[in-house]
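>>> Got a predicted structure plus its sequence, pasted below:
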Amino acid sequence: MRNKLPLAEPPNRTYQGNAFILGILMAYENTKNVYYNNYINLKCNKTKNIYAMGLDFTEITWEDYRLLGIAEMDLYAVENISAENFEGFIKERIEQGNYLLFYCVDEFYLSYTKKYQFKHYKHDTYVYGYEDDYVYVMAYSNDRLSRIKIPVSELKNSLYCCEKVDFCTFRPNAFIDVKIDLSVIYKSLYRYIYPVHIEEDKVYGIDVYNVLKDSIQDIVSRANEEGEGVDLRPFRLLWEHKKMWKERIAKLNGLFLTAYEIENEIEIIENKARIIFMLALKYQITWENSILQRIMNYLKEIEVKDKVWSHAVLEVIGKSLN
């Protein structure tokens, strides 16, 4: 038997958990517009350590979608499921249309990971289907977000080796119909432009540029002959943020707006954000400080453009709402 639940190709790939959730919601006609209404505001930790920055979108976790009624979730404890019944239990959940979120598996037992049979390491993985004695997972393998078929025994071993492991199911709500909502987009964009710092140790909205620049400057100031790497995730997520805005504006221009000049401007910003990410990749290989300076220059440039562009979008959407 085989059952693979629908899973769209997500535009966000920095964090596999967030990518999996958006891939699910975009795969269903009644929830796909979640993409256009969300993924607008940003947040990160207040730090100069780029590895601790944790740049991410706000309010896009599976729990956020549960609270909004967009998805249904149930929580399970592995200790309450016998190992003999595990495979049947997983397949039954999938047959009911549930995706499975395992956020604490031991990668020592998972053949697609670098830690396989090498090192015990707790991470997350996500299941969207099964076939005979295998399950289909979305996870990072060889530094790429991939869809992989693995023996269900590997997943079972990665869970039953640990103590007190919980996991949950996620299923889009079949009884709602999410529409593109300009008022929701407007409010999120307003919070991006005029950030309210809800938590003292967090930075929100447009201010995340300051954390990125400070982190790069910190690396430059401490550079030595051996060089120092950078965390690629903030640079990738910044690019994804602009790429998703490009797609959102194109969608809005086809439905509500006629802001085609703005669409051209965000394409320029998205291209520069992609260049920043590519430079970060290059820096990981060369450790040349001159590349960090180029990244810094690009960041300053798109920060200015981002502020101008975001205000223009806010004004256009505001006029459309009035």
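Done, it's in.
>>> which residues touch residue 14?
With contacts defined as Cβ atoms under 8 Å, 6 or more residues apart in numbering, the neighbours of residue 14 are 56, 233, 236-237, 240. Every residue, glycine included, has its C-beta placed from N, CA and C.
>>> Give the rounded mean pLDDT of stretch 143-158.
The average pLDDT within stretch 143-158 is 93.
>>> now do stretch 163-175
92.
>>> Sticking with the closest residue to residue 30 other than its chain neighbours, tell me its helix or strand.
Once flanking residues are discounted, residue 30 sits nearest to residue 177: 4.8 Å by Cβ to Cβ, 6 or more residues apart in numbering. Assessed by DSSP states H and E, residue 177 sits outside every helix and strand.
>>> Next: residue 97.
Going by DSSP H and E, residue 97 is not in any helix or strand.
>>> Ok, residue 18 next?
helix 16-26.
>>> With residue 125 instead?
strand 122-131.
>>> Could you check that strand and say which residues are buried?
Going by neighbour count (16 or more other Cβ atoms under 10 Å), the buried part of strand 122-131 is 123-130.
>>> Provide a list of residue ranges in the stretch 151-300 of the chain with pLDDT below threshold.
Scanning the stretch 151-300 of the chain for pLDDT under 70 picks out 223-227.
>>> ok, 50 please
The stretch 151-300 of the chain contains residues with pLDDT under 50 at 225.
>>> And the helices in it?
152-160, 182-193, 208-221, 233-255, 260-286, 289-321 (DSSP state H, counting those that start in this stretch).
>>> Can you list the helices and strands that the fifth one packs against?
In terms of contacts (3 or more Cβ pairs under 8 Å, 6 or more residues apart in numbering; DSSP states H and E), helix 260-286 is packed against helix 233-255, helix 289-321.
>>> from the ones you listed, which stretch is densest packed?
helix 233-255 (a mean of 20; mean count of other Cβ atoms under 10 Å).
>>> Would you mind writing the CA trace of that helix as CSV?
Taking C-alpha atoms only, helix 233-255 is exported to CSV below (Å, rounded to 0.1, in the frame of the first residue of the first chain):
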residue,chain,number,x,y,z
ARG,A,233,20.6,30.9,7.3
PRO,A,234,20.1,34.6,8.0
PHE,A,235,21.3,35.5,4.5
ARG,A,236,19.1,32.9,2.9
LEU,A,237,16.0,33.9,4.9
LEU,A,238,16.6,37.6,4.0
TRP,A,239,16.6,36.5,0.3
GLU,A,240,13.5,34.4,0.8
HIS,A,241,11.7,37.3,2.4
LYS,A,242,12.3,39.4,-0.7
LYS,A,243,11.5,36.6,-3.1
MET,A,244,8.2,35.9,-1.3
TRP,A,245,7.3,39.6,-1.5
LYS,A,246,8.0,39.6,-5.2
GLU,A,247,5.5,36.8,-5.7
ARG,A,248,3.0,38.4,-3.3
ILE,A,249,3.1,41.7,-5.2
ALA,A,250,2.8,40.0,-8.6
LYS,A,251,-0.3,38.2,-7.1
LEU,A,252,-1.8,41.4,-5.7
ASN,A,253,-1.2,43.2,-9.0
GLY,A,254,-3.3,40.6,-10.7
LEU,A,255,-6.2,40.9,-8.3
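>>> neighbours around residue 151, how many?
Neighbour count for residue 151, taken as other Cβ atoms under 10 Å: 14.
>>> From residue 56, how far off is it?
According to Cβ to Cβ, to the nearest Å, residue 151 stands 32 Å off from residue 56.
>>> same check, this time on residue 91
32 Å.
>>> More neighbours: which of those two?
The neighbour count for residue 91 versus residue 56, taken as other Cβ under 10 Å, is higher for residue 56 (20 against 16).
>>> Would you check that the more buried one makes contact with residue 44?
Yes. With contact defined as Cβ atoms under 8 Å, residue 56 counts as touching residue 44 (7.1 Å).
>>> thinking again about what came up before, got the helices of the stretch 151-300 of the chain as TSV, with distance to residue 108 columns?
Converted to TSV, the helices of the stretch 151-300 of the chain look like this (distance: least, Cβ to Cβ, whole Å):
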stretch	distance to residue 108
helix 152-160	7
helix 182-193	40
helix 208-221	32
helix 233-255	24
helix 260-286	26
helix 289-321	36
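>>> Looking at these, which is nearest to residue 52?
helix 208-221 (8.9 Å; Cβ to Cβ).
>>> Mind listing what's buried along that closest one?
In helix 208-221, counting by 16+ other Cβ under 10 Å, buried: 208-209, 211-212, 215-216, 219.
>>> I appreciate the help and will end here.
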